[in-house]
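Visitor: give me a model of this one.
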Amino acid sequence: MNSTNIDDINPQEQPVFFYGDDAPSYNIEFINHLKHISESRKISEDSYSIGGEVETLETTMAQKLGKEASVFFPTGTLANHVAIRKLCLSNKRAIVPEQSHIYQDSGDSVQQLSGINLIPVAPNKPYFSLNELKGALNTSITGRVATPVGAVVIETPVRRCYGRVMPYEAMKDVTGYCHEQGIPTHLDGARLFIASAVTKIGLETYSKLFDTVYISMWKYFGAPYGAVLAGTKEFCEGLHHVRRMFGGSLPSASLAAALALNGLETFQTDAELANEKSAELLESLDEFADISVKRYRDGSNIIPVEIDQDIDLAKLYESLRSQNVFINIDTGSEKILHLTVNLSILRRSNNELLRIFATAIEDARSI
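Guide: Model (predicted):
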């Protein structure tokens, strides 16, 4: 993300952000949303993340995913950890994508705190194939000391791979094989609602392939924090004790849960509108002489855009910023931008956005 100081941005001016899965959050917006919610209904209290709004959120998310139950967690890192911990039981190995959050961004927490070794598969790729999985499983059981795998984890979309999505058929092949072998599966579906809106594959269709599924509550539902881990009633029974053991039973989580429920009400419809709108916008941008819109195979809401060599990206950024349109130019390539589609695109018309981009390109032309 570019180092934009969000304190300098006035949310009343309808800013559009082409980075992040949602627009940056402001404390005043949390307060205003809570005020709006409280004026229309009671925000029920919880006690150490049990009951009240939290229970309503857990029930709602379980229904959305077609699971029997779900449990609220303060973070996705903890939700993923607890899922792997409980699924693995006595088999202390879990196969994970090498580019996954649980492997790259969790500080070896699963190894350090639960004694489970993570086996990374498919380096620098968003997902592994069935053959790659079979190879990793075979290696685990044919060594000098047989060490069976206790769980297999899939993440989709993958942030580190520009939001690329594991194809459903490949996912179905992998999870089907795991179930044949009696190996539990977990989906890090932090951004699953985004994937579903893009692929048109239903949440339940994805979810039923896995024993457990984690969904983020803050990445795009408008909550300041939170995650939900869904599975069977048997799996979720007593899971709040494990949550508390790890220091994750917040004394009060109802406000975050209420905000998540509020965002959840309209997200799927709004996400479909945002995708349709962005497709039209990108098609028009691709007609600009200085812009070439590319696509990732199995992409989701992150789109690579090649910019002509004569365009100064820093000037482009500043010109767009002056019109309350924000892009990320820190993408590791001088002339490739990554435009991320989120709900903020619905704040302005495509005609207005095209005019702003056209002006910015002229302002940024170096010759």
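Visitor: can you mark which positions in the strand or helix carrying Thr269 are buried?
Guide: Here Thr269, judged by DSSP states H and E, is contained in helix 254-285. The neighbour-count check on helix 254-285 (16 or more other C-beta atoms under 10 Å) flags 254-264, 267, 270-271, 274-275, 277-278, 281-282, 284-285 as buried. Where you see a C-beta, it was placed from the backbone N, CA and C, and this is true even at glycine.
Visitor: who does the spatially closest residue to Lys67 that is not a sequence neighbour bridge with?
Guide: Nearest residue to Lys67, sequence neighbours excluded (C-beta to C-beta, 6 or more residues apart in numbering): Ala230, at 4.0 Å. Taking DSSP bridges as the rule, Ala230 bridges to Ser70, Val213.
Visitor: Ala230 contacts Ala62, correct?
Guide: Yes - Ala230 is within contact range of Ala62, at 5.4 Å (criterion: C-beta atoms under 8 Å).
Visitor: quickly list what's touching both of the two.
Guide: Ala69, Ser70 (C-beta atoms under 8 Å, 6 or more residues apart in numbering).
Visitor: neighbour-wise, which of those two wins?
Guide: Ala230 (29 against 21; other C-beta atoms under 10 Å).
Visitor: do you know how far the more buried one is from Ser207?
Guide: Computed as C-beta to C-beta, to the nearest Å, the Ala230 to Ser207 distance reads 7 Å.
Visitor: which neighbours do those two have in common?
Guide: Leu65, Lys67, Val213.
Visitor: which SS state does Glu318 fall under?
Guide: Per DSSP: H, G, I helix; E, B strand; the rest coil, the secondary structure class of Glu318 is helix.
Visitor: just give the number of residues close to it.
Guide: 13.
Visitor: helices of the stretch 1-150 of the chain, start to end?
Guide: Using DSSP state H, counting those that start in this stretch, the helices of the stretch 1-150 of the chain run over 27-40, 52-65, 76-88, 101-104, 109-114, 130-142.
Visitor: turn the ones you listed into JSON lines, including distance to Cys236 and mean pLDDT.
Guide: Below are the helices of the stretch 1-150 of the chain laid out as JSON lines (distance: least, C-beta to C-beta, whole Å; pLDDT from 0 to 100):
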{"stretch": "helix 27-40", "distance to Cys236": "26", "mean pLDDT": "97"}
{"stretch": "helix 52-65", "distance to Cys236": "8", "mean pLDDT": "99"}
{"stretch": "helix 76-88", "distance to Cys236": "10", "mean pLDDT": "99"}
{"stretch": "helix 101-104", "distance to Cys236": "19", "mean pLDDT": "98"}
{"stretch": "helix 109-114", "distance to Cys236": "18", "mean pLDDT": "98"}
{"stretch": "helix 130-142", "distance to Cys236": "26", "mean pLDDT": "96"}
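Visitor: and the ones you listed, which is most packed in?
Guide: Of all those, helix 76-88 has the most neighbours on average by mean count of other C-beta atoms under 10 Å, namely a mean of 24.
Visitor: and that helix, how far from the chain's centre?
Guide: Offset of helix 76-88 from its chain centre (C-alpha atoms, centre = their mean, to the nearest Å): 17 Å.
Visitor: over to stretch 340-356?
Guide: 21 Å.
Visitor: just the buried positions in that stretch, please.
Guide: Using 16+ other C-beta under 10 Å as the test for burial, stretch 340-356 gives Thr340, Val341, Asn342, Leu343, Ser344, Ile345, Arg347, Arg348, Asn350, Leu353, Leu354, Ile356.
Visitor: got it, and stretch 216-225?
Guide: For stretch 216-225, by 16+ other C-beta under 10 Å, it's Ser216, Met217, Trp218, Lys219, Tyr220, Phe221, Gly222, Ala223, Tyr225.
Visitor: could you find the closest non-adjacent residue to the first one?
Guide: It refers to Ser216. Ala190 (4.1 Å).
Visitor: please name the residues that touch the one you found.
Guide: Gly76, His101, Glu155, Tyr214, Ile215, Ser216, Lys219, Ala227.
Visitor: next, format the residues you listed as a markdown table and append distance to Arg93.
Guide: Below are the contacts of Ala190 laid out as a markdown table (distance: C-beta to C-beta, whole Å):
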| residue | distance to Arg93 |
| --- | --- |
| Gly76 | 22 |
| His101 | 19 |
| Glu155 | 17 |
| Tyr214 | 20 |
| Ile215 | 25 |
| Ser216 | 26 |
| Lys219 | 29 |
| Ala227 | 24 |
